[in-house]
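Enquirer: What shape does this take:
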Amino acid sequence: MIKTEKVLHLKSSRGRKVRVVREHYLREHVPCHSSLCQAQCANEGKVLSGEVTHYVVPDAGVARDFMEILEFREIQGIVFTQTACQAVQHSRGRRQYNRLRSLLKDPRHDCILFANEFQEYSYCPREKGEPQDKWQTRCVYHAAVWYHDHLAGMKPVVMITEDQTAVAEYSSLNCGVYILSTQEYLQTFWPELQAAQELYCSIAQSLRERGSEGTEREYTEHLPAEVLEAGIKSGRYIQGTLNVNKHRAQHEAFVRFEGSSNKNSELNSDVLVCGGKNRNRAVHGDMVAVELLPKGEWRGRTTALTEGQGEEKGDETQSQPMFTGRVVGILQRNWRDYVVTFPPKEETQSQSRNSQRILATPWDQRIPKIRISTQQADKLQDHRVIVRLDSWDSTSLYPNGHSVRVLGRAGELETEVQTILIENSSPPPRGGGQRLELGVHIADVTHFVKEGSLTDLEARARATTYYLADRRYDMLPAVLSADLCSLLGGVDRYAVSVMWDLDAQTLAVNKVWYGRTLIRSSYQLYYELAQALLNGEEAEVPELAQLPPGERDAKLAQLTQALEILTHVARRLRGQRDRGGALELEGVEVRAQLDEDKNITALVPRQPLEVHETVAECMIYANHWVARKIQESFPQQALLRHHPPPRQEFFNQLQDSARARGFTIDTRSNKALADSLDRAVDPRDPLVNRLLRVMATMAMSNALYFSTGACPVDQYYHYGLALDRYTHFTSPIRRYADMIVHRLLTAAIAMEKGAGPAKVLASNKELEEVAQQINNKNRAAQHAQKAAQHAQKVSTELFQCLYFRDKDPETDERCVADAVIYTIRANGMLVFIPQYGLKGAVYLKNREGQVVSERQDGGCDWQTGSLQRYLDHISTTTAAGTSTFNLFQHITVRISVQPSRCHSNTLRLEVVSNRPHQAPETQAQPPQPQGARGRSQLVQEVVRQAEEASQQAEEKRCRAPKLSKEEREFRQSKSPNLYSLLEEVREMALLDLAACGGAGGGGDLGAAAQACATSA
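Expert: Numbering: from 1, shown residues only. The predicted model follows:
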């Protein structure tokens, strides 16, 4: 080991330059991580394959600017040097550096890290006056030479660089070490990898354009990091996440401050940021620092509805002035992949003389237009393309970016579905005497998916299953989710079980048992069949169909009794949570019915059955008890899920709307809120209570995963479910968080038996990183669960537009529907259409200044007049008189599709009549059995799983071949079968080898299709 010194030039917290001298130790033996190594290096972990034709070593510039190309799995044998990695860390920040670290850890990518700056013979000290980029290139070249020599020349080494001087200087120095530009390397070694070459051109052109920016400043410069840090500590600046109002994206954004970072005691709400100049190049989702403006410049949030890109102006549409500020610095960029639409040719020409520079419009209206340099502008007109942001300098009105991948032409179904995805990445108890046993059995997914395996890494990257209107994208392969980890009837399956010994009267827990089990479901009940049995209806259970009548009736009575006990237990468990303050919230979920050609035939709101809520309550109970177990076993490193109380100002709309109907909503606690909502019932119109619960749902904060070591115990509480501890355990085939919890539970069980866990558990820091990765899936400001829900919501809106797209709103009666007003705005109202589960805006004032006027027959016309908004109603006044629209009033609306080239199509709602389309009673939902009072998120999940099981069963039925009785009994194909093959082999053995010809055969084993079962 050789001791040397390394000189670093750093900046102090006050911005002064500091020269730091550190000891630096060099070693002769540093792992090379190649399978070809003959020097017996201590290579642990990943090693490079020896099957590749060459090894490639990117220099610091390539690693910094062209990381996306190196992420192609086809490019193998990549050696990242320590020099290049440190360059990425220092110049691109933590986000890009973490991306590189993930690439190095991922076993699916054939790449390794070589610590060249600790290797005695590859280390290059920086010479006096040598530019940093030249020194880094020299370090990487010497590392490439050492690597080639270390492997005794068995594998050529290619160094890739964008420095043409380095190519000329080093190309002819060493045989076996080649120096190429990135483009030359791709064209020479990967000519068939067209996507990588196109991506290179896009990034390279973006870098060239960035270098030719003008010098005239469009925005103020951001303050240095040390100034921002000091200002946040002193309270001068406020730290928070920028949230752009999608309805007024050009003019209105809010910064939601972080509670711990706010030093201003007077600040009790979001900070309003008005206009692009005050936003100062911050993008939706960025972590920013904000400075408050003088009070005289404070403004209120806009209360008017905004139609398209038009803006309502005037002080009468603003609320009371609120804290208003401007962005002075970016603390963390949270840029992601964005879907944009390329403009038509005429817009391209008008934007720039150079036809290769275009302004692309993001699908997400909260994102500003992105300037892209491309040679495919004409080819990609009206196409949706994935782009990534590169920079946004103070001299540019728009951020710079580059294209990554083409999705397809805008408006096509598959393109729109891909856009949505990118924009958003147990058996019944046994009763007996005074006790009963309740069990929840969940498929043992982690038995099949080992931690760190390729399947596990892919599941972790996906984080959740995404449900769209016409499809789903599974987190795990179908062989697991639809077969091995599906608890089918009459089939042995591995499970992880929680079983309670309960007092039959009080449901007090006498004993709880956790463990891995092998179960076989006696019955394969669909939810509709189980509900029919509970309702006392005639129903046929397939497992009992072949039994004699007497035995069949006895077993059917047993099954029905078990279902009744389970339902009774679930109601009691729900009652316990209700008394603790659990909320019964409301969501609106619509299912699109499709025909064989994928055409939409109807939009149907999902209707949960009581048995759905029974299963959901058992899931909540299991999740709660598993949370208790893993938290008690691992106090500092258990993955739980908490739901913070909402901020009181978020309840304003709910309270105002309820007050207008004569109800009072108490929001001081979850118990008070739940009781208030239960009392707010209008016997004449059940939709009133339903809409109030929807408003309460909209006011809720997001539930989040966390590691117990990173959060105080008093913050474990789940506000919505009224539980002191909660986690996700019951759906490991659909959520990665549940897989983590399964591993923690099995480790806790092993520890209880005196055995240690099979693998070292993640530390609190590592677990918190995983929790944040799941929470922040696809976008930094939104957790994965919400992203999945948002993707489903947007896909439902897509199919709603597809349903109405080909219908004439003037003549088709399906385009006219009854709607309920649930919010009053300055220029219109928001309505809910129960027939289709739609929510949307109805404008009472158009762009020409005309307002809606009511005729004597209740119909509506546009006339010149004025508009006046009140707390519980809105009125229009014209020469014909005054028309009034009241909160919770039923009106008739016409539904049509408003097309958009760059963004998603939207539904347009227009008031047709100030009277109900149908009587409100006919629109009300049918009365539900006791216990089926709401549609919580978990109940909706159970309903989706039931539909998914039915769909999988149908798919398997369609695929299964029809088998004869012999084939079903002996599992033999007709011809050739195993017997005939053996006979043929025996006869061939008796033949003369010289005279015998070749013979062959093959068999195909089929199995009868089985429908999926769902067990509580």
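Enquirer: lowest average confidence, helix or strand, in the protein?
Expert: Lowest by mean pLDDT, DSSP states H and E among the helices and strands of the chain is helix 920-923, with a mean of 43.
Enquirer: Now do the buried residues in the single longest helix found in the chain.
Expert: Of all segments of type helix in the chain, defined using DSSP state H, the longest is helix 549-580. Neighbour-count burial for helix 549-580 flags 552, 555-556, 559-560, 562-563, 565-571, 573-574, 577-578 (criterion: 16 or more other C-beta atoms under 10 Å). All C-beta atoms are positioned from the backbone trio N, CA, C, and that covers glycine.
Enquirer: And it, how far out from the chain middle?
Expert: Its chain's C-alpha centre lies 36 Å from the corresponding centre of helix 549-580 when counted by C-alpha atoms, centre = their mean, to the nearest Å.
Enquirer: If you count contacts, what does it end up packed against?
Expert: With contacts defined as 3 or more C-beta pairs under 8 Å, 6 or more residues apart in numbering; DSSP states H and E, helix 549-580 has these neighbours: strand 430-432, strand 435-443, helix 527-534, helix 610-633.
Enquirer: can you put those in a markdown table and add mean pLDDT, mean neighbour count and distance to residue 515?
Expert: Output for these, formatted as a markdown table (pLDDT from 0 to 100; neighbours: other C-beta atoms under 10 Å; distance: least, C-beta to C-beta, whole Å):
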| stretch | mean pLDDT | mean neighbour count | distance to residue 515 |
| --- | --- | --- | --- |
| strand 430-432 | 47 | 13 | 18 |
| strand 435-443 | 90 | 22 | 11 |
| helix 527-534 | 88 | 19 | 26 |
| helix 610-633 | 92 | 24 | 11 |
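Enquirer: would you turn the ones you listed into TSV with distance to residue 915?
Expert: Formatted as TSV, those follow (distance: least, C-beta to C-beta, whole Å):
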stretch	distance to residue 915
strand 430-432	54
strand 435-443	50
helix 527-534	37
helix 610-633	35
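Enquirer: close enough to count as contact, residue 109 and residue 102?
Expert: No: between residue 109 and residue 102 there is no contact under C-beta atoms under 8 Å: 9.2 Å.
Enquirer: From the neighbour counts alone, determine which of the two ranks first.
Expert: Each of residue 109 and residue 102 has its neighbours counted (other C-beta atoms under 10 Å); residue 109 has more, 18 against 14.
Enquirer: How is that one assigned, secondary-structure-wise?
Expert: The three-state label given to residue 109 by DSSP: H, G, I helix; E, B strand; the rest coil is coil.
Enquirer: How about it: what's its closest non-neighbour residue?
Expert: Distances taken as C-beta to C-beta, 6 or more residues apart in numbering put residue 103 closest to residue 109, at 5.6 Å, once the chain neighbours are dropped.
Enquirer: May I see the buried residues of stretch 106-122?
Expert: Quick answer for stretch 106-122 (16+ other C-beta under 10 Å): 106, 109-117, 119, 122.
Enquirer: Check those and tell me the two furthest apart.
Expert: 106 and 122 (25.2 Å; C-beta to C-beta).
Enquirer: Provide a list of residues in contact with the closest residue to residue 511 other than its chain neighbours.
Expert: Nearest residue to residue 511, sequence neighbours excluded (C-beta to C-beta, 6+ apart): residue 501, at 4.2 Å. Counting by C-beta atoms under 8 Å, 6 or more residues apart in numbering, residue 501 makes contact with 435, 437, 509-513.
Enquirer: rerun at 10 Å
Expert: Each residue near residue 501 by C-beta atoms under 10 Å, 6 or more residues apart in numbering is listed here: 435-438, 508-513.
Enquirer: ok, and it, which helix or strand is that part of?
Expert: strand 492-503 (DSSP states H and E).
Enquirer: gap between that strand and the chain center?
Expert: Worked out by C-alpha atoms, centre = their mean, strand 492-503 lies 31 Å from the chain centre.
Enquirer: got the buried residues for that strand?
Expert: Residues 493-500, 502 are the ones in strand 492-503 that count as buried (16+ other C-beta under 10 Å).
Enquirer: now that strand against strand 435-443, angle please.
Expert: Interaxial angle of strand 492-503 relative to strand 435-443 (axes from the mean of the first three to the mean of the last three C-alpha atoms, to 10 degrees): 150 degrees.
Enquirer: Sheet partners, orientation included, of strand 492-503?
Expert: Take DSSP bridges as the rule and strand 492-503 pairs in its sheet with strand 435-443 (antiparallel), strand 509-520 (antiparallel).
Enquirer: Mind putting those strands into TSV with distance to residue 286?
Expert: Output for the strands paired with strand 492-503, formatted as TSV (distance: least, C-beta to C-beta, whole Å):
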stretch	distance to residue 286
strand 435-443	39
strand 509-520	43
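Enquirer: do you know which of those strands lies nearest residue 458?
Expert: In terms of C-beta to C-beta, the element of the strands paired with strand 492-503 nearest to residue 458 is strand 435-443, at 18.2 Å.
Enquirer: pull the CA atoms of the closest one into CSV?
Expert: Only the C-alpha atoms of strand 435-443 are listed here, as CSV (Å, rounded to 0.1, in the frame of the first residue of the first chain):
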residue,chain,number,x,y,z
ARG,A,435,-65.0,-19.3,20.5
LEU,A,436,-64.5,-19.1,16.8
GLU,A,437,-61.5,-19.2,14.5
LEU,A,438,-60.9,-16.6,11.8
GLY,A,439,-58.1,-17.1,9.2
VAL,A,440,-56.8,-14.9,6.4
HIS,A,441,-54.6,-16.8,4.0
ILE,A,442,-52.5,-14.9,1.4
ALA,A,443,-50.5,-16.5,-1.4
